[in-house]
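With the input below, show me the fold.
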Amino acid sequence: MHLNALLFRAVSPALTIRCSFRVGLFSLLVFWWTAPAQADELPKKEQFHLYLLIGQSNMAGRGVLSKEPQTPPERILKFSQDHQWVPAVEPLHFDKPSIAGAGLGLSFAETMATADPDVTIGLIPCAVGGTPLSRWEKDGDLYRQAVERARRALPAGTLKGILWHQGENDAGTLETAESYAERLGRMIPELRRDLGGEDVPFVAGELGLFLLEEKGGKPSYWKMVNAQLHQIPERVPFTGIVPASELKDKGDQVHFDTASLREFGKRYAEAMRQLQKN
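Now for the predicted structure:
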C-alpha cells in the first residue's frame, strides 16, 4: 500500500476527533451568541413582581422598533417562549415573529420599576394577534396556554397583576360586541382562581379611537366594545379601564404607533398602582 495512504489511515481518527471537537465547539459558540442570555440570578420571590400580558395584537405590540441595539433595562425580565427568565428587550411577544414589535408592556414595567426601586418586574407575554375573546374564555385554547405559561413562571415570583387589551376582533359583529362585558366579566374571576389569586388587579385598555367605522366592516362596533369595557369595574372588583384618548395609530387605523404604546403602558401602570393601593 502506498505510504501516503498508510499515513492517512494512521492519523485520520485523530483528525476526526479534532474536527468533531472544533465543529462542536463552533456550534456551542453560535448557540451562545444567538440565544437570549438567561438572568444570572433571580431576586427573592416576594421582590419579583410578575405581570401577565394577554389579549390580541395591540397587547402583543405592532409598533415600529428602532434599528439601534437595545440596552436591556435594569430590574425588568421577561418569560421567554422556552420558559426562561431573560432580559426584557423588545419584542416581548413571539406570537408572530415577522411583525411583532414595540408594545405597551415595556413602558408599563419601567414605570412600575421606577415607582418601587426595591423590586424586579417580570413580564409573562401571552398575547396573540387577531384573536377573539372566545379563545381567551375558560377552556379556550389561549386561556389554557396562558394559564400553563403563568404557572411555569409563578414559582419564581409573585403575581401582582394582569394586563388585557383585546376587543377589535369582537367589534366585528353586533352579537359579540354587545355580549363582551358579560363574557369578559365571567372570564376574569375564572382566570384569577386558576392562577391562585382571587383579588389580583386586572387592567384593560380601551380600543383605539381611530378604528374604522365602515358599515359592515371590522371593527365597526368598537364604540360598543369600549362601552362594554367600562362596565367591567361595576361587574368585577379590583379591575380598571385605561383610556385611549389622544393616542394615535401607526397608519393602518388598527394598531397604535410606538409613541402611543409607550404612553399607553404608562397609563396601565398608573391604573395598576391605584388598584394595588386600594
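
Okay, buried residues for stretch 261-278 please.
261-273, 275-276 (16 or more other Cβ atoms under 10 Å). Any C-beta I mention is one placed from the backbone N, CA and C, and that applies to glycine too.

just these now: which is nearest residue 99?
When the buried residues of stretch 261-278 are ranked by distance to residue 99 (Cβ to Cβ), residue 261 comes first, at 14.1 Å.

my guess is the closest one meets residue 103, correct?
Yes - using Cβ atoms under 8 Å, residue 261 is in contact with residue 103, at 5.7 Å.

joint contacts of the two?
When contacts are counted by Cβ atoms under 8 Å, 6 or more residues apart in numbering, residue 261 and residue 103 have 58, 61, 63 as shared neighbours.

Can you tell me the closest non-neighbouring residue to residue 249?
residue 210 (4.4 Å; Cβ to Cβ, 6 or more residues apart in numbering).

What is the three-state secondary structure of the one you found?
coil (DSSP: H, G, I helix; E, B strand; the rest coil).

now residue 164, what's its secondary structure?
strand.

now the helices for the stretch 101-250 of the chain?
All helices of the stretch 101-250 of the chain, identified by DSSP state H, counting those that start in this stretch, fall at 105-115, 141-153, 174-178, 180-194, 222-229, 232-235.

For the spatially closest residue to residue 169 that is not a sequence neighbour, list the residues it contacts.
Computed as Cβ to Cβ, 6+ apart, the closest residue to residue 169 that is not its neighbour in sequence is residue 132, at 4.5 Å. By Cβ under 8 Å, 6+ apart, the contact set of residue 132 is 169, 170, 176.

The second one - how many residues pack around it?
As a burial measure, residue 170 scores 28 neighbours (other Cβ atoms under 10 Å).

hang on, residue 273 packs against residue 115?
Yes - counting by Cβ under 8 Å, residue 273 touches residue 115, with 6.3 Å between them.

picking up where we left off before, indicate which one of the helices of the stretch 101-250 of the chain is closest to residue 255.
Nearest of the helices of the stretch 101-250 of the chain (Cβ to Cβ): helix 222-229, 13.2 Å.

Export only the CA atoms of the closest one, formatted as PDB.
Extracted as PDB, the C-alpha positions of helix 222-229 are listed here (Å, rounded to 0.1, in the frame of the first residue of the first chain):
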ATOM      1  CA  TRP A 222     -65.700  49.300  18.500                       C
ATOM      2  CA  LYS A 223     -67.600  52.000  20.400                       C
ATOM      3  CA  MET A 224     -69.900  49.400  21.800                       C
ATOM      4  CA  VAL A 225     -67.000  47.300  22.900                       C
ATOM      5  CA  ASN A 226     -65.400  50.300  24.700                       C
ATOM      6  CA  ALA A 227     -68.700  51.000  26.400                       C
ATOM      7  CA  GLN A 228     -68.800  47.300  27.500                       C
ATOM      8  CA  LEU A 229     -65.300  47.600  28.800                       C
END
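
So for residue 249, which of the helices of the stretch 101-250 of the chain sits nearest?
Closest among the helices of the stretch 101-250 of the chain, using Cβ to Cβ: helix 222-229, at 12.2 Å.

which helices and strands does that closest one pack with?
helix 174-178, helix 180-194 (3 or more Cβ pairs under 8 Å, 6 or more residues apart in numbering; DSSP states H and E).

quick one on the thing from earlier: from residue 74, how far off is the residue nearest to residue 169?
Plainly put, residue 132 is 37 Å away from residue 74 if you go by Cβ to Cβ, to the nearest Å.

next one: residue 276
21 Å.

what do you get for residue 199?
According to Cβ to Cβ, residue 199 stands 29 Å off from residue 74.

Quick check: pLDDT value at the residue nearest to residue 169.
What the model reports for residue 132 is a pLDDT of 98.

Find the nearest non-adjacent residue to residue 137, please.
residue 187 is the one closest to residue 137 (Cβ to Cβ, 6+ apart), at 5.1 Å.

Put the alpha carbons of stretch 162-171 into PDB.
Taking Å, rounded to 0.1, in the frame of the first residue of the first chain, the C-alpha atoms of stretch 162-171 are listed here in PDB:
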ATOM      1  CA  ILE A 162     -53.000  41.100  34.700                       C
ATOM      2  CA  LEU A 163     -52.900  43.400  31.700                       C
ATOM      3  CA  TRP A 164     -55.500  42.900  29.000                       C
ATOM      4  CA  HIS A 165     -56.000  44.500  25.600                       C
ATOM      5  CA  GLN A 166     -58.400  42.800  23.200                       C
ATOM      6  CA  GLY A 167     -61.700  43.500  21.500                       C
ATOM      7  CA  GLU A 168     -61.000  44.600  18.000                       C
ATOM      8  CA  ASN A 169     -61.900  41.100  16.800                       C
ATOM      9  CA  ASP A 170     -65.200  41.100  18.800                       C
ATOM     10  CA  ALA A 171     -66.100  44.500  17.500                       C
END
